[in-house]
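Chemist: heads up, no residue letters with this:
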């Protein structure tokens, strides 16, 4: 039986604020000198979540080494209630698997790295079905899209009842790169923003033919935000020093503003879809998109002083799993590319708020880069993105209230 302790303290645990009733080992396997398990967590409210858990994460490299021993393209490990499946998409750099070690940064998933060789992402909270990151990375690699790491393999668990859960992916580990969030916090580089816009347009062009679940109207989570704000007001001690960031006052201001924001959202959507908009909505027909596009999902290649042919740093786009709090079917949905554009524009504003700078020029450069590759005018791009910018700010506000309340003031600025 696997030993589990302090799971609710983990950054990747998505049940923050819910009382755990029980934790049980649904299935497991002994592999690589440790236990790899699927945990079922039951909450007092009657809901449940499934999580991937490794008893000793230092052995992650040995798990992968055993799974792909001898250059195996697929290995299946039967369990009491199903099986674990490790499947390669190409020839793996197997000699480096043993050296894969935990990476210190922990977010909604966990990372393991063999520097310069292999990056393994372990998905923590599991949902049954086709995982968007697997199918998007496979598709982009086949399309020879250069602005993303090479995809090596996927790992999954299939229960005897038929449900399939993707538990991890292997991809190329990139070196000599910086994350775009840090780069734009340091400087609102307009040349880089232009290149990022161009790379985004190329990504959308490459994803255009990838199938997905049926497109539906985007639902803005106003009711969820309303509930979270009411709860936050009830529990806040209002101990802030900055009047603009004082928790209780800020929560109440945003709550009072919600009815007007709902009207604005309806008006923006109607304007984008009107005949007078020069068919902005039609220009961005629903297709597969990144789905959680922001500066933290972009890597910037560090400049090489010996390479005089490159005038701007290269861009690599990562993390195609979509918004982790959403269901898989939503994350696989055909959606307007304007959703990604809106997400990046909001991310520029996040960086500007955090760094006390102005993102206007970088936003314009991003739109210009996208326009140059797509052939869509900057005005049409902005008009199509407008409703999604507000929707993204509402989603951000919900996320921050749930997981990073000290950051709530940033999306609150956009809502007031």
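Modeler: Sure, I can see it. The structure presented is a predicted model; accordingly, all values stated were derived computationally and were not measured.
Chemist: just the pLDDT for residue 76.
Modeler: Per-residue pLDDT puts residue 76 at 97.
Chemist: okay, now the unreliable bits of the chain?
Modeler: 1-3, 5, 105-106, 237-246, 272-282, 303-312 (pLDDT under 70).
Chemist: can you map out the strands along it?
Modeler: 20-31, 34-43, 48-54, 74-78, 82-88, 101-106, 110-114, 118-122, 125-126, 151-159, 164-172, 177-179, 298-301, 315-317 (DSSP state E).
Chemist: output the contacting helices and strands for the longest one.
Modeler: In terms of contacts (3 or more Cβ pairs under 8 Å, 6 or more residues apart in numbering; DSSP states H and E), strand 20-31 is packed against strand 34-43, helix 60-67, strand 82-88. Where C-beta positions appear, they are placed from N, C-alpha and C, glycine not excepted.
Chemist: how about the second one?
Modeler: In this structure, strand 34-43 makes packing contacts with strand 20-31, strand 48-54, helix 60-67, judged by 3+ Cβ pairs under 8 Å, 6+ apart.
Chemist: how about 6 Å then?
Modeler: Identification of packing neighbours for strand 34-43 by 3 or more Cβ pairs under 6 Å, 6 or more residues apart in numbering; DSSP states H and E yields strand 20-31, strand 48-54.
Chemist: just the helices and strands packed on strand 20-31: most buried one?
Modeler: helix 60-67 (a mean of 22; mean count of other Cβ atoms under 10 Å).
Chemist: so what touches that one?
Modeler: 31-33, 75, 86, 97-100, 112 (Cβ atoms under 6 Å, 6 or more residues apart in numbering).
Chemist: closest one to residue 119 among the helices and strands packed on strand 20-31?
Modeler: helix 60-67 (11.5 Å; Cβ to Cβ).
Chemist: about what we covered before: okay if I get the helices and strands packed on strand 20-31 as CSV plus distance to residue 116?
Modeler: Shown next, in CSV, are the helices and strands packed on strand 20-31 (distance: least, Cβ to Cβ, whole Å):
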stretch, distance to residue 116
strand 34-43, 25
helix 60-67, 15
strand 82-88, 19
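Chemist: residue 260: which of the ones you listed is closest?
Modeler: That would be strand 34-43 among the helices and strands packed on strand 20-31, by Cβ to Cβ, at 34.8 Å.
Chemist: buried deepest among the helices and strands packed on strand 34-43, which one?
Modeler: Of all these, strand 48-54 has the most neighbours on average by mean count of other Cβ under 10 Å, namely a mean of 20.
Chemist: between strand 20-31 and it, find me the angle.
Modeler: 40 degrees (axes from the mean of the first three to the mean of the last three Cα atoms, to 10 degrees).
Chemist: partners of strand 48-54, with directions?
Modeler: Using DSSP bridges, the strands paired with strand 48-54 are strand 34-43 (antiparallel), strand 125-126 (antiparallel).
Chemist: give me the contact list for stretch 255-268.
Modeler: For stretch 255-268, the surrounding residues in contact (Cβ under 6 Å, 6+ apart) are 220, 222, 226, 229, 386-387, 390, 415-416.
Chemist: if we can go back for a sec, generate a ChimeraX selection restricted to the buried subset of the contacts of helix 60-67.
Modeler: Entered in ChimeraX, the line below selects the buried ones among the contacts of helix 60-67, by 16 or more other Cβ atoms under 10 Å:
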select :31,32,75,86,97,100,112
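Chemist: for the contacts of helix 60-67, work out which two are farthest apart.
Modeler: Maximum pairwise distance among the contacts of helix 60-67 (Cβ to Cβ): 19.3 Å, between 75 and 99.
Chemist: ok, back up a step: would JSON lines of the strands of the chain with distance to residue 210 be doable?
Modeler: What follows is those, written out as JSON lines (distance: least, Cβ to Cβ, whole Å):
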{"stretch": "strand 20-31", "distance to residue 210": "31"}
{"stretch": "strand 34-43", "distance to residue 210": "28"}
{"stretch": "strand 48-54", "distance to residue 210": "26"}
{"stretch": "strand 74-78", "distance to residue 210": "23"}
{"stretch": "strand 82-88", "distance to residue 210": "19"}
{"stretch": "strand 101-106", "distance to residue 210": "29"}
{"stretch": "strand 110-114", "distance to residue 210": "25"}
{"stretch": "strand 118-122", "distance to residue 210": "20"}
{"stretch": "strand 125-126", "distance to residue 210": "23"}
{"stretch": "strand 151-159", "distance to residue 210": "14"}
{"stretch": "strand 164-172", "distance to residue 210": "17"}
{"stretch": "strand 177-179", "distance to residue 210": "25"}
{"stretch": "strand 298-301", "distance to residue 210": "20"}
{"stretch": "strand 315-317", "distance to residue 210": "15"}
